[in-house]
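Q: Give me a model of this one.
(one chain, ligands or ions: 1)
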Amino acid sequence: MEIKITKGDITKIKCDAIVNAANNSLLGGGGVDGAIHRAAGPELLKECRTLGGCATGDAKITKGYQLPAKYVIHTVGPVYYDGEHNEANLLKSCYQRCLTLASQYHCSHIAFPSISTGAYRYPTSEAAKVAIETIQEYAKDNHDIQCVEIVCFDDYTYQTYQKLIKE
Ligand code: AR6
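A: Presented below is the predicted three-dimensional model:
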């Protein structure tokens, strides 16, 4: 599996599935969630309404509608308090659940945003460690996903992930 760190807007990525950093309602919000719903069109919200929300650390899949990606995998990252509220385990679980769903739906190229590091205030360098370790761990036992791209929206996020992938 190739792990690629790129800078840009995840709604523009043509791949099998993009991941959405959603909230428990799955009914939209700001940040990457808002951008994905705007780009996918109203059909996405319609499908999300049938899903009954999503627990923190879990993930659910929908179609991509007007997005260049075939599917959207909606996951709910933890809100960061102080690192003592199970945040790392919940974030790890997000990446694991998304990768498992991607495998089940035969996705060979998937794109993640930096889950929880915006409105949910997870420190970027700590979140990046969890993200990369979890993806690398998954890649050891699973060979179906060929490319995992982490799409960073700003320079600081991009540089933080880049630094870790080079280590
Ligand atoms: N493409 C890629 N990354 C993006 C984009 C984009 N178009 N837009 C923002 N980001 P956030 P969270 C980055 O706040 O912290 C929503 O309201 C952003 O710069 O989107 O998991 C949900 O409904 C940051 O690096 O997600 C929830 O209520 C990263 O995506 C809540 O925010 C995550 O920031 C989830 O908070």
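
Q: Let me see the ranges of the helices in the chain.
A: 31-40, 42-49, 87-104, 124-141, 155-166 (DSSP state H).

Q: report the angle between the axes of the third one and helix 124-141?
A: Helix 87-104 runs at 40 degrees relative to helix 124-141, counting by axes from the mean of the first three to the mean of the last three C-alpha atoms, to 10 degrees.

Q: got the contact list for helix 87-104?
A: Contacts with helix 87-104, where a contact means C-beta atoms under 8 Å, 6 or more residues apart in numbering, come from 16-17, 19, 56-61, 73, 75-78, 80-81, 110, 112, 115-116, 122, 126-127, 130-131, 133-135, 138, 142, 144-145, 148. C-betas here are computed from N, CA, C, even on glycine.

Q: Close to the ligand: what parts of this protein are there?
A: Residues of the chain lying close to the ligand by C-beta under 6 Å from any ligand atom are 9-11, 21-23, 29-33, 35, 77, 113-120, 151, 153-154, 157.

Q: what number of residues lie near the residue lying closest to residue 107 once chain neighbours are set aside?
A: Leaving aside its sequence neighbours, residue 107 sits nearest to residue 16 (C-beta to C-beta, 6 or more residues apart in numbering; 3.5 Å). Applying other C-beta atoms under 10 Å, we find 20 residues neighbouring residue 16.

Q: just the one 5 residues further on next, same as before
A: Other residues lying near residue 21 total 24 when counted by other C-beta under 10 Å.

Q: Kindly list the main-chain dihedrals of the closest residue to it other than its chain neighbours?
A: Excluding its sequence neighbours, the residue lying closest to residue 21 (C-beta to C-beta, 6+ apart) is residue 115, at 4.7 Å. In terms of degrees, to the nearest 10, the main-chain angles of residue 115 are phi -60, psi 140.

Q: can you count the residues close to residue 115?
A: Residue 115 - counted by other C-beta under 10 Å - has 26 other residues nearby.

Q: Same check on residue 124?
A: Other residues close to residue 124 by other C-beta under 10 Å number 20.

Q: distance of it from residue 85?
A: 18 Å (C-beta to C-beta, to the nearest Å).

Q: Equivalent analysis for residue 134, please.
A: Residue 134 is 18 Å from residue 85, by C-beta to C-beta.

Q: Can you verify my assumption that residue 8 contacts residue 151?
A: Yes. Residue 8 sits in contact with residue 151 when judged by C-beta atoms under 8 Å, with a separation of 5.7 Å.
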